[in-house]
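Participant: Sequence below, structure please.
(2 chains, ligands or ions: 1)
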Amino acid sequence: MFIINCPYCGEREQSEFKAGGEAHIIRPKQPTELSDDQWAEYLFMRKNIKGIQFERWVHTHGCRKWFNVVRDTSNDDIKAIYKMGEKPPII
Amino acid sequence: MLNYTNVITEEKSFSGLQMKEIRPVMKLIIRGKKREFLSAVGKSLNLLLPNEANTSSRSENLTAIWLSPDEWMIYSNVTIDSKNNDYETENLLNKSISKKNLGAVTDVTDQFVMINMKGDKIFDLFETGSPFNFNDFRNKKGSVTQTILAKIDVIIHNQNQNEVNLFVRRSFSQHLFSWMNDSASRL
Ligand SMILES: [Zn+2]
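Facilitator: Residues are numbered from 1 along each chain as shown, chains lettered A, B, ... in the order given. Got it, this is the predicted structure:
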């Protein structure tokens, strides 16, 4: 259990949120030109780092907005939170 | 208001806590981002939408509560005619918002049940089933939150000292009300 500071509502408990997986995965511009392996790479393969990870979260039971979280997956320490479309901080 | 069987049929009273459904109360969800949207709502209802998170604003007849940066709920301060499904406020907003493509207006009168709670034990009850920190909330008149109570999504509006309005989806209302009664009896 940990607290997440929603960029819109402020500090809320984790159970109000849902994790949406790794952030900043760019959809290929021409999917038709990709091999099956490349497409699978885009679709399924995630880093799943032990340590600092850039993730998407959504405040499901609050404002229902998506945003980005930089979290240390080994101890749930949140390093940064920023809105969708904003540049990821250098950490 | 539609014609249906109400699930919350009685007022419940405990020491330091009274709870009852208030109906029918008109409720609308409005969504929009543009500045023209905000000013059009303000002009047609004579009510400024709160733009600060977790707050509300109030006119003589209506209350507007902040739900998200582009979403508000507007509800009537008094009960409305139960035989009518046509709300003047909605018509005004349809004309000034929907027809001009400035945003969206949705009637949620029948979707949400409004439970009025009074007494000094309100927040003791919430603390038994919600992850939200009510410490600042309870002392700030007009504050609003969307959170979870007994695993159910709720909207809570701190209307007055020791008085809140709680909104819950109709399909969850019976379960939530019976949970609240059970929990209140153990406070
Ligand atoms: Zn939020």
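Participant: B:Ile65 and B:Glu52, how far apart?
Facilitator: Note on B:Ile65: its distance to B:Glu52, by Cβ to Cβ, to the nearest Å, is 12 Å. Just so you know, the C-beta spots here come from the backbone N, C-alpha and C atoms, and that holds for glycine as well.
Participant: between those two, who's got more neighbours?
Facilitator: B:Ile65 (27 against 8; other Cβ atoms under 10 Å in any protein chain shown).
Participant: any idea how far that one lies from the ion?
Facilitator: As for B:Ile65, its distance to the ion is 14 Å (criterion: Cβ to the ion, to the nearest Å).
Participant: Surely that residue touches B:Ile155?
Facilitator: Yes - look at B:Ile65 against B:Ile155 with Cβ atoms under 8 Å: they come within range, at 7.0 Å.
Participant: what's the overlap in contacts for those two?
Facilitator: Taking Cβ atoms under 8 Å, 6 or more residues apart in numbering or on different chains as the contact rule, B:Ile65 and B:Ile155 both touch B:73, B:144.
Participant: Tell me the pLDDT of the closest residue to B:Pro69 other than its chain neighbours.
Facilitator: Leaving aside its sequence neighbours, B:Pro69 sits nearest to A:Tyr8 (Cβ to Cβ, 6 or more residues apart in numbering or on different chains; 5.6 Å). Turning to A:Tyr8, the model gives it a pLDDT of 98.
Participant: now swap in B:Asn84 and tell me
Facilitator: Reading off the model, B:Asn84 has pLDDT 78.
Participant: Can you tell me the element it falls in?
Facilitator: Following DSSP states H and E, one finds B:Asn84 outside all helices and strands.
Participant: Tell me the secondary structure at A:Lys79.
Facilitator: strand (DSSP: H, G, I helix; E, B strand; the rest coil).
Participant: Was I right to think it contacts A:Arg71?
Facilitator: Yes - if you go by Cβ under 8 Å, A:Lys79 and A:Arg71 touch, sitting 7.0 Å apart.
Participant: out of these two, which sits in the more crowded spot?
Facilitator: A:Arg71 (23 against 13).
Participant: my guess is that one is in a helix, correct?
Facilitator: No - counting by three-state DSSP, A:Arg71 falls outside a helix, being strand.
Participant: got a pLDDT number for the nearest residue to it once chain neighbours are set aside?
Facilitator: Computed as Cβ to Cβ, 6+ apart, the closest residue to A:Arg71 that is not its neighbour in sequence is A:Ile78, at 5.3 Å. Among the per-residue scores, A:Ile78 shows a pLDDT of 97.
Participant: Quick one: the strands in chain A, in order.
Facilitator: Under the criterion DSSP state E, chain A contains strands at A:3-6, A:10-13, A:18-22, A:52-58, A:66-72, A:77-83.
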